[in-house]
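Trainee: 3D, please:
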Amino acid sequence: MPLIEMYERPGFLLRRAHQISAAIFEGSCAALGLTQAQYGALTVLSLQPGIDQTRLAKALAFDKVTVLRVVRGLEERGLIAREVSPNSRRQMAVRLTPAGIRLLKKAEGSVQEAYNRLMAPLDAPQREQFIALLQLLTDGLVDQARAAFVPVSREPSTD
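Mentor: Here you go, the predicted model:
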């Protein structure tokens, strides 16, 4: 296979796009010390306080090891707290701390800046088409995923 064919393959381009996306995000949020994974976890926890780690992993499409690493890092920074779930003694419920709430609020501008930089090469219709095609691809291949994805409600939990 000629090298140019490899460079035009979806897997190569998706991996490269992910590298760029992560670099842009981490550059925008460097002063906050926030990664995409940490931001995702904080966002889910802001909408679903007290969610258990298993549901948090599924809401982010992470495996259990990855979510545990992210949760431990956030807990060490005092941004989240874990406690035994009232629903199951075998599960840990996770909540934002006041420091976590403040950091999430403080990150809003940086996260928007990262999004704007990532999407800058596309005009508005291309952005919509790009997101729609990514959604079609991920929905169509959900059975191939290594980690389950179960989105949570956008509304705050009433637990």
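Trainee: Next up, the contacts around the residue nearest the centre of the chain.
Mentor: By Cα atoms, centre = their mean, the chain has its centre lying nearest to Gly40, at 3.4 Å. Neighbour list for Gly40: Leu60 [criterion: Cβ atoms under 8 Å, 6 or more residues apart in numbering]. For every residue, glycine as well, the C-beta is placed using N, CA and C.
Trainee: gap between it and Ser88?
Mentor: 23 Å (Cβ to Cβ, to the nearest Å).
Trainee: Am I right that Leu34 is in contact with Gly100?
Mentor: No - applying Cβ atoms under 8 Å, one finds Leu34 not in contact with Gly100, separated by 10.9 Å.
Trainee: My guess is Thr66 contacts Gln38. True?
Mentor: No - if you go by Cβ under 8 Å, Thr66 and Gln38 don't touch, sitting 11.4 Å apart.
Trainee: Give me the more crowded residue out of the two.
Mentor: Gln38 (23 against 14; other Cβ atoms under 10 Å).
Trainee: Now that Arg82 has come up, it's in contact with Glu75, right?
Mentor: Yes - judged on Cβ under 8 Å, Arg82 makes contact with Glu75 at a distance of 6.2 Å.
Trainee: Quick one: classify the closest residue to Met92 other than its chain neighbours as helix, strand or coil.
Mentor: Sequence neighbours aside, Arg82 is the residue nearest to Met92 in space, at 4.6 Å (criterion: Cβ to Cβ, 6 or more residues apart in numbering). What DSSP: H, G, I helix; E, B strand; the rest coil gives for Arg82 is strand.
Trainee: Can you name the element that comes right after the helix or strand containing Gly40?
Mentor: Element membership for Gly40, per DSSP states H and E: helix 36-47. Sequence order places strand 51-52 as the next helix or strand after helix 36-47, per DSSP H and E.
Trainee: residues making contact with that following strand?
Mentor: Applying Cβ under 8 Å, 6+ apart, the contact partners of strand 51-52 are 44-45, 59, 85, 87-88, 91-94, 152, 157.
Trainee: same check, this time on stretch 109-126
Mentor: Contacts of stretch 109-126 (Cβ under 8 Å, 6+ apart): 20-21, 24-25, 27-29, 31-32, 34, 39, 127, 130.
Trainee: Show the buried residues in those.
Mentor: 24-25, 28-29, 32, 34, 39 (16 or more other Cβ atoms under 10 Å).
Trainee: how far out from the middle of the chain is stretch 44-60?
Mentor: In terms of Cα atoms, centre = their mean, to the nearest Å, the centre of stretch 44-60 is found 11 Å from the chain centre.
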